[in-house]
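K.L.:
Generate coordinates for the sequence data below:
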Amino acid sequence: MSGQLQRRLFVLTGSILSSAPSIRTRAEPTVPRAKPRFGLGILVLVFFTMVSCGGGNGSSSGGGSASPTGPTSPPSPGPSGATFRLVLSTFSSTYTATFQGQTYTASGLFNVSLAPGTYTISGTTQGQGPGTPVFIVGFALGGAGGGVQSSSVRSLSGPVSQTLPCSVAYTPATGSPANFSVQFTVTSSTTSACQTPG
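P.N.:
Numbering: from 1, shown residues only. Modelled structure (predicted):
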């Protein structure tokens with residue numbers, strides 16, 4: 001694990017632990033508190049680990065029993081294209097996304113090759129099941145020739161809970177689909193591209 005990723009995980013873990021309610025050793029009156037976001041923090045931690053450890057094997061890879069629906073091979077980028085990983089991850093939520101004529105419906109890593117330019121992925125997401133529902137759209141290096149420009153990733157619409165330089169996390173309501181849209185820029189520079197979805 002790289003030093004940069006370890007530092008990010010340390011900072012993330014520290015912020016999660018500092019937001020946790022303290023352990024009481026004696027009876028104290030209870031004060032209503034905001035619900036801790038352990039679900040989101042743990043999901044983001046697993047998300048970073050999955051991507052940094054190379055959790056993809058070609059066109060897709062993902063946890064759970066559902067097979068990601070998406071392209072079986074990356075589109076041809078042309079002579080000046082960049083290959084990167086599109087990371088779509090869910091926790092207690094579902095989604096349907098459309099990108100470059102392909103439909104995605106399950107968590108996974110997808111290798112994508114595109115020419116430099118600005119692109120948008122959009123769709124719907126909905127909370128489902130126990131826990132805090134989370135849906136993440138992120139980007140990481142997937143090969144040579146560039147990738148998604150770090151800090152170009154931004155949400156155009158949707159129930160955003162967190163935006164990082166290379167990912168957006170949404171917390172959709174349970175039972176009611178919400179539209180989302182993420183815009184990003186593909187660059188031919190590998191050094192300025194998203195290394196991990198943090």
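K.L.:
Tell me which residues touch Ser157, please.
P.N.:
Applying CB atoms under 8 Å, 6 or more residues apart in numbering to Ser157 gives the contacts 122, 179-181. (Glycine included, C-beta is placed from N, CA and C.)
K.L.:
quick check, nearest of those to Thr163?
P.N.:
Set against Thr163, the nearest of the contacts of Ser157 by CB to CB is Phe180 (12.1 Å).
K.L.:
For Ala193, see how far away the closest one is.
P.N.:
23 Å (CB to CB, to the nearest Å).
K.L.:
Any idea how many residues pack against Cys194?
P.N.:
28 (other CB atoms under 10 Å).
K.L.:
ditto for Thr118
P.N.:
10.
K.L.:
What's opposite it in the beta bridge?
P.N.:
Counting by DSSP bridges, Thr118 forms beta bridges with Thr185.
K.L.:
What pLDDT does the model give it?
P.N.:
With respect to pLDDT, Thr118 scores 98.
K.L.:
who's in contact with it?
P.N.:
Contacts for Thr118 (CB under 8 Å, 6+ apart) come out as 152, 183-186.
K.L.:
Same check on Ala193?
P.N.:
82, 84, 141, 146-150, 187.
K.L.:
Quickly note the distance from it to Thr163.
P.N.:
For Ala193, the distance to Thr163 - CB to CB - is 18 Å.
K.L.:
Same question for Pro197.
P.N.:
Distance, Pro197 to Thr163, using CB to CB: 12 Å.
K.L.:
tell me, how many neighbours does Thr124 end up with?
P.N.:
Neighbours of Thr124 (other CB under 10 Å): 17.
K.L.:
ok, and for stretch 175-185, which residues are buried?
P.N.:
If you call a residue buried by 16 or more other CB atoms under 10 Å, then stretch 175-185 has these buried ones: 178, 180-185.
K.L.:
CA atoms only for that stretch, dumped as PDB, please.
P.N.:
What follows is stretch 175-185, C-alpha atoms only, in PDB (Å, rounded to 0.1, in the frame of the first residue of the first chain):
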ATOM      1  CA  GLY A 175     -38.000   4.000  -1.400                       C
ATOM      2  CA  SER A 176     -37.800   7.000  -3.700                       C
ATOM      3  CA  PRO A 177     -35.400   7.100  -6.700                       C
ATOM      4  CA  ALA A 178     -33.200  10.200  -7.000                       C
ATOM      5  CA  ASN A 179     -31.500  11.400 -10.200                       C
ATOM      6  CA  PHE A 180     -27.700  11.800 -10.100                       C
ATOM      7  CA  SER A 181     -25.200  13.200 -12.500                       C
ATOM      8  CA  VAL A 182     -21.400  13.300 -12.300                       C
ATOM      9  CA  GLN A 183     -19.200  15.300 -14.600                       C
ATOM     10  CA  PHE A 184     -15.500  14.700 -15.000                       C
ATOM     11  CA  THR A 185     -12.600  15.500 -17.400                       C
END
